[in-house]
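# Quick one: sequence and predicted model below, then my questions.
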Amino acid sequence: MLRYWLYLLFFALGKANVAVQSNVPAILFSYSLRSPGLLHFMTDYNTLSELPKQQFSHVAKQMLAKCNSDAFVFVNMPGISKLDLSMWSTDQWTSLVRYIEGSSTALKFEKVEVNEEEPDLFTELIDFTALRCHLQDIITIRGNKTEDFEPYIDSRGRIIRIDYPPLPVTYSIDGKSRDEVIKDYDKFLRYVLAQLPSPHHTVIFTSLEAQPIPRDDNWIALDIFPQIFDDASRNQDIERNNKILDVRPPFNTHRPKFTEPSSNYMTIFDEDFLKENSKLLRWILLVTVGYVTVHIILYLQKQRFNDNDKKSD
């Protein structure tokens, strides 16, 4: 509730004077749980404090170092502010929000130091990823230029860098409002990510340079997408996209219609067979002996009658 009133105060005071950023927001997310143990960087972070650039680089390298993604996407959107990523701005970020919500690893930092005198942060991270993960294919795209991206279908890993034009403070040259431009940038991000042949990607989203912004949001603790990151499950390392379960399917136990014999060769001298069929064998023996005895008696009687007939003749 306190946060809600702070937000109202922020807008009521009308801090609408154009300000130049002294720091920028950043979001890192990965489809799979690529780097368990990274959450403490976010939970230990104070949203009112500024994260040094070198420390942010360290966190990003920890996520990239596992080399388990099929695509590593670096998104530079100059002029993006934490107000643009607040709870009131989700309508502009339909695709970005959906990708973050579907990710297993997601980190956010409201204030990351910007130091334009130092080398380009993405160049450093891309060089690190290419060397660490043995990747040679690096695709550079101008944001919102669909002709710069040619979809591919092979499984070879890629590094993709997207550099958007700076966001307008109020309206762009062609008359679009800042919110409309953000929506266009969001659609283009989906255009790229949706055409990757594998959903296993890692994305680092931030601004590499300080730009003029509509309001100075540096003095209030605005959180990035609290509806996502305030979810209690985001404080745990959970694999949200494990489609292959290490559980054998529940097949029925094999039950043959006829029990197979214990031996390949059946014999009446088998001990188990004699025990199981002793009565039947006795009956067979008695019937056989009786049958033979009767036929012997009949044969002997017939022979006697024949001998008597010969004597009478």
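Great, that's in hand.
# Just the CA trace of stretch 49-64, in CSV.
Taking Å, rounded to 0.1, in the frame of the first residue of the first chain, the C-alpha atoms of stretch 49-64 are listed here in CSV:
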residue,chain,number,x,y,z
SER,A,49,21.0,2.0,-4.9
GLU,A,50,23.0,2.0,-8.1
LEU,A,51,24.6,-1.3,-9.3
PRO,A,52,28.1,-0.6,-10.5
LYS,A,53,28.7,-1.4,-14.2
GLN,A,54,31.5,-3.9,-13.3
GLN,A,55,29.2,-5.8,-10.9
PHE,A,56,26.5,-6.0,-13.4
SER,A,57,29.0,-7.3,-16.0
HIS,A,58,30.0,-10.0,-13.4
VAL,A,59,26.3,-11.1,-12.9
ALA,A,60,25.8,-11.2,-16.7
LYS,A,61,28.9,-13.3,-17.2
GLN,A,62,27.8,-15.7,-14.5
MET,A,63,24.6,-16.3,-16.5
LEU,A,64,26.3,-16.5,-19.9
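# Where does pLDDT dip in the stretch 101-250 of the chain?
217-219, 243-250 (pLDDT under 70).
# Distance of residue 131 relative to residue 104?
Computed with C-beta to C-beta, to the nearest Å, the distance linking residue 131 and residue 104 is 25 Å. In short, each C-beta sits where N, CA and C put it, glycine included.
# of those two, who's got more company?
The neighbour comparison of residue 131 against residue 104 (other C-beta atoms under 10 Å) goes to residue 104, with 18 against 9.
# Isn't the more buried one up against residue 240?
Yes: using C-beta atoms under 8 Å, residue 104 is in contact with residue 240, at 4.5 Å.
# Give me the most central residue, this protein.
Geometric centre of the chain, nearest residue: residue 241, 2.9 Å, by C-alpha atoms, centre = their mean.
# Contact partners for that residue?
Contact partners of residue 241, counting by C-beta atoms under 8 Å, 6 or more residues apart in numbering, are 31-32, 102, 104, 199.
# What segments of the stretch 51-200 of the chain are helices?
Taking DSSP state H, counting those that start in this stretch to define them, one finds helices in the stretch 51-200 of the chain at 53-64, 94-101, 121-133, 178-193.
# quick one: the second one to chain centroid distance?
Helix 94-101 has its average C-alpha position 14 Å from the chain's average C-alpha position, going by C-alpha atoms, centre = their mean, to the nearest Å.
# ok, residues contacting that helix?
Contacts for helix 94-101 (C-beta under 8 Å, 6+ apart): 27, 29, 90, 106, 183, 186-187, 189-190, 193, 203, 205, 225, 228.
# same thing with the last one?
The set of residues that contact helix 178-193 without belonging to it, under C-beta under 8 Å, 6+ apart, is 73, 75, 77, 84, 89, 92-96, 99, 141, 143-144, 146, 149, 160, 162, 164, 167-172, 176, 201, 203, 214.
# got the CA coordinates for the helix or strand just after it in PDB?
Sequence-wise, the next helix or strand downstream of helix 178-193 (DSSP states H and E) is strand 201-206. Below are the C-alpha coordinates for strand 201-206, written out as PDB (Å, rounded to 0.1, in the frame of the first residue of the first chain):
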ATOM      1  CA  HIS A 201      17.800 -18.500 -25.400                       C
ATOM      2  CA  THR A 202      19.300 -16.100 -22.900                       C
ATOM      3  CA  VAL A 203      18.400 -12.400 -23.200                       C
ATOM      4  CA  ILE A 204      20.100  -9.300 -21.700                       C
ATOM      5  CA  PHE A 205      17.900  -6.300 -22.000                       C
ATOM      6  CA  THR A 206      19.100  -2.800 -21.000                       C
END
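# roughly how far apart are the residue lying closest to residue 53 once chain neighbours are set aside and residue 170?
Excluding its sequence neighbours, the residue lying closest to residue 53 (C-beta to C-beta, 6 or more residues apart in numbering) is residue 113, at 4.3 Å. Look at residue 113 and residue 170: by C-beta to C-beta, they are 26 Å apart.
# Of these two, which one has the most company?
Taking other C-beta under 10 Å, residue 113 and residue 170 do not tie; residue 113 has more neighbours (16 against 10).
# Next, the contact list for the more buried one, please.
Counting by C-beta under 8 Å, 6+ apart, residue 113 touches 23, 50-53, 56.
# The closest residue in space to residue 92 that isn't next to it in sequence: neighbouring residues, count only.
In space, residue 92 comes closest to residue 182 once its chain neighbours are excluded; the distance is 4.4 Å by C-beta to C-beta, 6+ apart. By other C-beta under 10 Å, 24 other residues sit near residue 182.
# Now do residue 182 against residue 147, distance only.
Remark: distance between residue 182 and residue 147 (C-beta to C-beta) = 21 Å.
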